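Peer 1: need a 3D model of the sequence below.
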Amino acid sequence: MTPNNRPDFDNARTPVGGDRGEAVSEHAIHRDGIISRYQMPIMGFVILLILGTVFIILGMTRSEPYLSLIGVVVLAGGTACLSYVLKNMYRGVRRVILAESGMRWEEDQSVHEKPWEDVREVYTKDVITRADRDTNLRVVFADGTAMTMDNRLRKYESLTKSLLSLSSRVLLEKKRRDLAAGRAEFGPVVLYPDGVQVKEDKKSWEELEQWTVNNGYLYIISTAPRDRYGWEVSLFDVPNYQVLFQLLQEAWQGPTPAATSIPFGRGSRTSGQ
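Peer 2: Down below sits the predicted model:
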């Protein structure tokens with residue numbers, strides 16, 4: 001029985017709240033996503049299959065048993081690569097439905113549902129190299145449970161963007177209240193009404209010159225000459241970083257141009273570029 005015709009998941013296809021028209025998007029594991037996720041072991045399987053076959057043929061035509069033995073070992077390595085892909089390609093979250101009020105997902109043999117109010121943290125990771133892509137979209141809920149997705153799911157970029165947007169609506173208000181009460185935590189970054197703390201090192205707003213994001217890192221620059229390079233934090237380790245960016249901008253008035261460094265302070269500012 002496939003995920004599409006399982007009775008429990010058929011019910012899960014109704015968006016949270018019961019209104020089918022409420023659904024924002026649906027994302028299921030698909031072939032291109034599997035290939036993108038496991039392209040290295042798939043390439044390894046193909047290469048080892050070809051090499052192993054060549055060695056076996058050479059061993060047979062030249063009557064050299066050791067060449068055939070090498071070919072068998074190489075083929076075994078290729079089989080291991082293929083087995084890894086087949087074992088993991090449908091493991092974990094198989095399908096996700098996003099709605100205005102929450103999310104539903106199928107994971108192995110069970111179906112789950114959570115409203116956006118239950119989302120506590122969202123972590124994202126997307127590293128692309130010449131031969132591989134490492135993705136991770138992790139959601140932690142108020143009860144301590146978590147779910148993790150990756151680019152095996154169809155329209156993964158759209159999934160990430162929609163999930164961040166929908167969850168941030170609730171998280172932003174929560175973090176605003178936390179900040180007003182004294183502190184708002186974002187993993188290694190903590191905001192206070194009077195400043196920022198990163199990795200146990202706290203500075204007031206007056207000690208900070210600007211912040212910027214580059215190549216997956218958040219940089220917070222200090223005005224002190226001895227600490228000119230400031231802090232560097234990987235966004236992979238910062239939950240809800242879109243909410244963090246919004247609260248950093250709200251630390252002082254005025255619109256913030258996109259893709260610029262943002263100076264701290266209460267007076268006039270420049271682009272920081």
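
Peer 1: for the rest of this, base every contact and every neighbour count on C-alpha atoms.
Peer 2: Noted.

Peer 1: with adjacent residues omitted, what lies nearest to Trp205?
Peer 2: Gly195 (4.7 Å; CA to CA, 6 or more residues apart in numbering).

Peer 1: and that neighbour, what are its bridge partners?
Peer 2: On the basis of DSSP bridges, Gly195 is bridged to Tyr192, Ser204.

Peer 1: identify the residues contacting it.
Peer 2: Contact partners of Gly195, counting by CA atoms under 8 Å, 6 or more residues apart in numbering, are Lys202, Lys203, Ser204, Trp205.

Peer 1: now do Ile128
Peer 2: Contacts of Ile128 by CA under 8 Å, 6+ apart are Asp134.

Peer 1: isn't there a strand covering Val127?
Peer 2: Yes. Counting by DSSP: H, G, I helix; E, B strand; the rest coil, one finds Val127 located in a strand.

Peer 1: how much space separates it from Asp178?
Peer 2: 31 Å (CA to CA, to the nearest Å).

Peer 1: who has more neighbours out of those two?
Peer 2: Ranked by neighbour count (other CA atoms under 10 Å), Val127 and Asp178 place Asp178 first, with 15 against 11.

Peer 1: Ala184 is in contact with that one, correct?
Peer 2: Yes. Applying CA atoms under 8 Å, one finds Asp178 in contact with Ala184, separated by 5.0 Å.

Peer 1: list the contacts of Ala146.
Peer 2: Arg138, Val139, Val140.

Peer 1: hmm, back to that, can you lay out the contacts of Gly195 as TSV showing distance to Asn88 and pLDDT?
Peer 2: What follows is those, written out as TSV (distance: CA to CA, whole Å; pLDDT from 0 to 100):
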residue	distance to Asn88	pLDDT
Lys202	43	88
Lys203	45	85
Ser204	47	85
Trp205	47	84
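
Peer 1: tell me the average confidence for stretch 206-220?
Peer 2: Looking at stretch 206-220 alone, the average pLDDT works out to 83.

Peer 1: typo on my end, stretch 127-137
Peer 2: 77.

Peer 1: go on, stretch 231-246?
Peer 2: 91.
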